[in-house]
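**Q** I'll drop the sequence and a predicted model, then ask my questions.
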Amino acid sequence: MKNSGVARGLFGDISVDKHRLTVGGCVASELAHEYGTPLYVFDVDRAVKTAKAYVDVLKREYPHSTVCYASKAFCCTGIYSLLAPLGLGADVVSGGELYTALKGGMSPSKIYFHGNNKTESEIKYALDAGVECFVVDSALEVELLEKHAVKPQNVLVRVNPGVEAHTHRFIQTTTVDSKFGFSIADGTAESFIAALGVRKNVKFVGLACHIGSQIFEKQSFEVAIDKMTDFILRLEKRGIAVERLDLGGGFGIHYIDQDLPLTPEGYMTNSARYLRAAVEKRGIKPPHLIVEPGRSIVGEAGVTLYTVGAIKTIKDVKTYAAVDGGMFDNPRVALYDADYTAVIADKADIDGDFEYAIAGKCCESGDVLIRSVKLPELRTGDVIAVLSTGAYHYSMASNYNRNVIPPVVAVKNGRSAYMVKPQTYEDITRNDVIPKFSED
């Protein structure tokens with residue numbers, strides 16, 4: 001897909017001043033000069049504003065609710081320190097995410113522990129920490145909870161409602177063939193939940209589902225609500241109370257001009273009202289609603305800055321502009337064929353007629369960050385800004401080819417500060433050991 005290289009006001013609070021891209025009141029090219037590239041830039045006010053919108057609309061439309069931040073989108077202590085004071089809880093999927101959330105100030109009483117294969121050590125750690133609820137996704141997990149819990153532990157059971165949202169096939173999570181959840185359609189979920197009644201240290205309190213990611217249409221969530229409330233009615237007829245309903249996240253954001261996501265107000269108003277109508281229609285008790293936005297809180301708050309290096313033209317084929325980052329700081333293109341918008345930081349509102357593929361520096365033919373984008377003519381040393389990179393970039397970054405993971409710089413009101421400090425080569429080799437074997 002060919003992408004426009006001009007920022008047209010579609011990506012939140014990013015603005016252009018005298019052709020220069022600004023984020024959080026800071027000039028992007030000046031940030032690149034001060035901190036170096038590649039550099040993740042994170043607009044604090046943008047994330048806080050979006051998170052608060054989710055909380056506020058649910059307070060109005062469905063007060064019996066909790067907004068949990070989906071940690072996998074962007075996990076560092078700083079993000080929890082921003083979101084916890086707003087009243088958000090957290091969805092974590094590993095011991096590391098749990099540790100980070102707690103260290104960042106998130107109360108364990110507002111943490112939901114997800115994951116399809118929690119290890120025994122993670123379960124013990126979460127129990128010791130006093131997390132509010134486990135989202136159970138296997139029979140083994142129940143056995144481990146029963147073994148280690150010293151009092152009844154709240155659990156939701158993750159179910160698969162069989163809703164195929166219109167997203168990339170690798171990020172659809174409730175198709176029939178999925179590693180997540182127990183199927184509603186074949187009766188597995190109902191049988192599994194009914195069997196929890198004999199457990200001493202496992203307390204069933206509700207259901208969880210998640211239908212996919214980067215979803216733009218309201219109808220997918222409506223179908224999920226219908227299926228989940230039908231299932232709640234079936235369980236209630238068996239005498240099984242469902243106190244909570246976790247509908248997950250998956251709310252889409254802008255990556256390219258063609259993306260048309262709803263606002264938090266749009267997503268939540270529709271889902272809350274639809275859920276109220278669904279429970280009334282079925283005559284069931286309104287459950288406590290849990291939603292788990294992640295990408296939609298932090299995605300558009302992030303921008304990644306790169307410096308252009310080598311420029312190589314293949315006659316009658318394409319021109320590659322290589323940058324100092326790549327799949328080690330953004331694997332999403334290789335994983336999902338993800339599309340992005342890019343601009344030249346100091347020519348952000350200038351149309352361009354030169355078509356480029358933005359290539360990374362990793363030793364992989366597939367390390368291309370944007371396959372085709374039109375920009376003004378590039379020169380070595382230009383700073384390129386790739387928009388909407390706040391989600392699943394830092395969290396998925398690696399040291400492939402022994403590249404350092406870029407730092408994260410938070411920006412607000414024209415000021416900047418590290419949110420995650422830079423890695424060094426020493427950091428990369430810190431745990432390396434040259435093995436020495438004792439002689440026989």
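**A** Nice, I can see it. A quick note: this is a predicted structure, and the numbers were derived from the prediction, not measured.

**Q** now residue 97, nearest residue through space, not along the chain?
**A** residue 71 (4.5 Å; CB to CB, 6 or more residues apart in numbering). Any C-beta I mention is one placed from the backbone N, CA and C, and that applies to glycine too.

**Q** how close does the one you found sit to residue 269?
**A** 25 Å (CB to CB, to the nearest Å).

**Q** before we move on, back to that, is it true that the residue nearest to residue 97 touches residue 95?
**A** No - counting by CB atoms under 8 Å, residue 95 is not a contact partner of residue 71; they are 11.9 Å apart.

**Q** which one's more surrounded, the two?
**A** Higher neighbour count among residue 71 and residue 95: residue 71, with 28 against 19, using other CB atoms under 10 Å.

**Q** which parts of the stretch 201-350 of the chain are helices?
**A** Listed in chain order, the helices of the stretch 201-350 of the chain (DSSP state H, counting those that start in this stretch) span 218-237, 264-282, 295-298, 332-336.

**Q** can you put these in JSON lines and add mean neighbour count, mean pLDDT and distance to residue 18?
**A** JSON lines is the format used below for those (neighbours: other CB atoms under 10 Å; pLDDT from 0 to 100; distance: least, CB to CB, whole Å):
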{"stretch": "helix 218-237", "mean neighbour count": "18", "mean pLDDT": "96", "distance to residue 18": "40"}
{"stretch": "helix 264-282", "mean neighbour count": "18", "mean pLDDT": "97", "distance to residue 18": "32"}
{"stretch": "helix 295-298", "mean neighbour count": "28", "mean pLDDT": "98", "distance to residue 18": "28"}
{"stretch": "helix 332-336", "mean neighbour count": "17", "mean pLDDT": "93", "distance to residue 18": "31"}
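
**Q** out of those, which comes closest to residue 62?
**A** Smallest distance to residue 62 across the helices of the stretch 201-350 of the chain (CB to CB): 3.9 Å, for helix 264-282.

**Q** and the closest one, what does it pack against?
**A** helix 44-61, helix 218-237, strand 288-291 (3 or more CB pairs under 8 Å, 6 or more residues apart in numbering; DSSP states H and E).

**Q** possible to save the ones you listed as a markdown table with distance to residue 276?
**A** Shown next, in a markdown table, are the helices and strands packed on helix 264-282 (distance: least, CB to CB, whole Å):
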| stretch | distance to residue 276 |
| --- | --- |
| helix 44-61 | 8 |
| helix 218-237 | 10 |
| strand 288-291 | 10 |
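
**Q** quick one: closest of these to residue 149.
**A** Per CB to CB, nearest to residue 149 of these: strand 288-291, 21.1 Å.

**Q** reformat the helices of the stretch 201-350 of the chain as a markdown table; add distance to residue 251.
**A** Below are those laid out as a markdown table (distance: least, CB to CB, whole Å):
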| stretch | distance to residue 251 |
| --- | --- |
| helix 218-237 | 9 |
| helix 264-282 | 5 |
| helix 295-298 | 4 |
| helix 332-336 | 17 |
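
**Q** ok, now which ones touch residue 39?
**A** Contacts here follow CB atoms under 8 Å, 6 or more residues apart in numbering; on that basis residue 39 touches 31, 32, 304, 305, 406, 407, 409.
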